[in-house]
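# Sequence first, then the predicted structure, then my questions.
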Amino acid sequence: MDYKKVLESKSSQSAFIKTTVKVPIDGAQKAALNRKGNSLYNSGDIEGAKRIYLTTGYSDGLIRIGDYYKSKGRMLDALRMYWIAPDHNKAEPIIRQLSVIIQNLIEEGNSNE
């Protein structure tokens, strides 16, 4: 599979790609970035804070972003943040909700056949 072509075709969509390669950040840099992320979050720049938290892997920040998304009804975005954090206790209820929705859609599709 040509991953470069796949990624280029998806570049206009709002998505994220989780990689296993972490950028090396020393403790002082990470702390400074997390403080900046907290400042952005507190001033209402949620997306800016999210970018920093994703870069540093700051799980508490990612959970706060997930909570924010959940409060706005953006359940898939919340699930992504909880999963990356990882906070499976917060992710599991959303997964159960989505499972019920998918199950209902499948049953509805089968009854229309």
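Done, it's in.
# What backbone torsions are found at G73?
The phi and psi values for G73, taken as degrees, to the nearest 10, are phi 80, psi 10.
# Next, count neighbours for it.
When neighbours are defined as other C-beta atoms under 10 Å, G73 has 8 of them. Placement of C-beta: from N, CA and C, glycine included.
# do the same with the one 10 residues further on
Around W83 sit 17 other residues, with neighbours defined as other C-beta under 10 Å.
# swap in S39?
Applying other C-beta under 10 Å, we find 13 residues neighbouring S39.
# Mind jotting down where the helices sit in this structure?
For the chain, applying DSSP state H gives helices covering 3-9, 27-42, 46-56, 59-71, 75-84, 88-111.
# For these, could you give me a markdown table that also reports mean pLDDT?
Shown next, in a markdown table, are these (pLDDT from 0 to 100):
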| stretch | mean pLDDT |
| --- | --- |
| helix 3-9 | 67 |
| helix 27-42 | 96 |
| helix 46-56 | 96 |
| helix 59-71 | 97 |
| helix 75-84 | 96 |
| helix 88-111 | 92 |
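# what's near enough to touch K36?
The neighbours of K36, taking C-beta atoms under 8 Å, 6 or more residues apart in numbering as the test, are I52.
# Could you rerun that using 10 Å?
Contact partners of K36, counting by C-beta atoms under 10 Å, 6 or more residues apart in numbering, are G48, A49, I52, T56.
# One more: R35?
Applying C-beta under 10 Å, 6+ apart, we find R35 in contact with I52.
# mind starting the numbering at 42 from now?
Noted, 42 is the first residue going forward, which turns the last one into R76.
# So it versus N130, what's the distance?
26 Å (C-beta to C-beta, to the nearest Å).
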